[in-house]
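Enquirer: Here is a sequence together with a model predicted from it:
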Amino acid sequence: MDGTFSYVKVHIKPQLGIRNFDREAAKQVAGENPDYLVDDLYQAIAKGDYPKWNVYVQVMSPKQAEGYKWNIFDMTKVWPHKDVPLRQIGVLTLNKNPDNYFTDIEQAAFSPSTIVPGWAPSADPMLQARMFAYPDAARYRLGTNYQMLPTNHAKSPVHCPYQRDGFMNFTDNYNDQPNYVGSQLEPMTFKAGGAPCSRLSTLTEHEKWTGEVLSYTSSVTALDFEQATALWKVIGREHGHQERFISNVASSISGVTDRRLRSAVYQLFAHVDKDLGARIQEATKLDN
Ligand code: HEM
């Protein structure tokens, strides 16, 4: 590993496509069987009709990122496929139902901070928040050693884990070694099968750009509506889609009693499409 890297955005798209209930049908189905989708998934897997997702990546070099027309960490914008094409790297298949729902699913703890060597988190602020929020929730929900539970435990040796002992620890992890990791006292190995800690400097010239781009102001410009306007046109290709969207938004807004807030929402949508704001306003009145 020489310290070079690329920014990677991962996309996981269902081979079955995407179909949704409209608001009325969703309400009805939730009343009849709130676990409708879990049930559907379970039955499909049970009969061998395994659901599959195509996995793609978009890859950008740090140089490209620095020169890109907007901040690549702005999660309100996609990376247009024409600039950064989707490249398929695999297929994800769900081919097994849980044997025990509690041990396999309820005790499962996912986090973007659980990564294999070769991957590292970017400076994306949303990702950074999630790196800590999920393990915090898991420690509260499952206990401090939740990563030792069979459903969460890595199948391969864990390199340089920084966690030691704690409530309900059931490995001898660092045995009698001192309680610090990766210092001059190396080689220090994780006796439960891990490898010594390796140190990789991530301090590069690129860090300077990252620091600057992350302190961007939150002012909103016309560029912020470009993709939303394009999406609104895409939605328009399917009969009734725009109408359902307006009805869904109006239904949420009709619960907002503050008039100023309501009109701010109409104005925001008017920036996406000039009729859209007016149509939401109209539908909201009808919804009242
Ligand atoms: C890209 C944005 C995000 C995505 C795609 C996302 C996705 C998810 C998903 C799929 C779940 C599981 C829901 C379930 O169990 O049914 C979840 C739970 C959760 N999310 Fe997020 N989330 C995002 C942003 C955030 C942020 C910014 C935070 C906090 C700073 C956060 C904190 C949490 C927490 C604490 C849970 C509960 C975890 C648990 O029960 O163990 N999420 N999120």
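Expert: Received it, and whenever you're ready, just let me know what you need. Keep in mind it's a predicted model, so treat the numbers as computed, not measured.

Enquirer: Show the average pLDDT along stretch 33-45.
Expert: Across stretch 33-45, the average pLDDT comes to 97.

Enquirer: Please see if it touches the ligand.
Expert: No. Residues of stretch 33-45 contacting the ligand under C-beta under 6 Å from any ligand atom: none, with a closest distance of 10.4 Å. Where C-beta positions appear, they are placed from N, C-alpha and C, glycine not excepted.

Enquirer: Surely residue 149 touches residue 142?
Expert: Yes. Between residue 149 and residue 142 there is a contact under C-beta atoms under 8 Å: 6.9 Å.

Enquirer: Kindly report the residues of the stretch 101-250 of the chain close to the ligand.
Expert: 109, 126, 129-130, 133-134, 137-138, 141.

Enquirer: Neighbour-wise, which one of those leads?
Expert: residue 138 (21 neighbours; other C-beta atoms under 10 Å).

Enquirer: Which of the helices or strands spans residue 260?
Expert: helix 259-272 (DSSP states H and E).

Enquirer: which residues touch that helix?
Expert: Contact with helix 259-272 is made by 222, 225, 228-229, 232, 249, 253, 256, 276-278, 280-281, 284, as judged by C-beta atoms under 8 Å, 6 or more residues apart in numbering.

Enquirer: What's the mean pLDDT across the longest helix seen in the chain?
Expert: Of all segments of type helix in the chain, defined using DSSP state H, the longest is helix 125-142. When pLDDT is averaged along helix 125-142, the result is 96.

Enquirer: any idea which helix or strand comes after that helix?
Expert: Trace forward from helix 125-142 with DSSP H and E and the next one is helix 206-214.

Enquirer: how many neighbours does residue 76 have?
Expert: Residue 76, neighbours per other C-beta under 10 Å, totals 10.

Enquirer: For residue 259, give its distance to residue 278.
Expert: According to C-beta to C-beta, to the nearest Å, residue 259 stands 16 Å off from residue 278.

Enquirer: The two: which has the busier surroundings?
Expert: Between residue 259 and residue 278, residue 278 has the larger neighbour count (other C-beta under 10 Å), namely 13 against 8.

Enquirer: CA atoms of the host helix or strand of that one as CSV?
Expert: If you go by DSSP H and E, residue 278 is part of helix 274-287. The C-alpha trace of helix 274-287 is given here as CSV (Å, rounded to 0.1, in the frame of the first residue of the first chain):
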residue,chain,number,x,y,z
LYS,A,274,-42.1,27.2,-11.3
ASP,A,275,-45.5,25.4,-11.5
LEU,A,276,-44.5,22.8,-8.9
GLY,A,277,-44.6,25.3,-6.0
ALA,A,278,-48.0,26.6,-7.0
ARG,A,279,-49.4,23.1,-7.5
ILE,A,280,-48.3,22.0,-4.0
GLN,A,281,-49.8,25.1,-2.6
GLU,A,282,-53.1,24.4,-4.3
ALA,A,283,-53.1,20.8,-3.3
THR,A,284,-52.3,21.7,0.3
LYS,A,285,-55.3,23.9,0.5
LEU,A,286,-57.5,21.1,-0.8
ASP,A,287,-55.9,18.7,1.8
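
Enquirer: packing partners for it?
Expert: Counting contacts by 3 or more C-beta pairs under 8 Å, 6 or more residues apart in numbering; DSSP states H and E, helix 274-287 packs against helix 241-253, helix 259-272.
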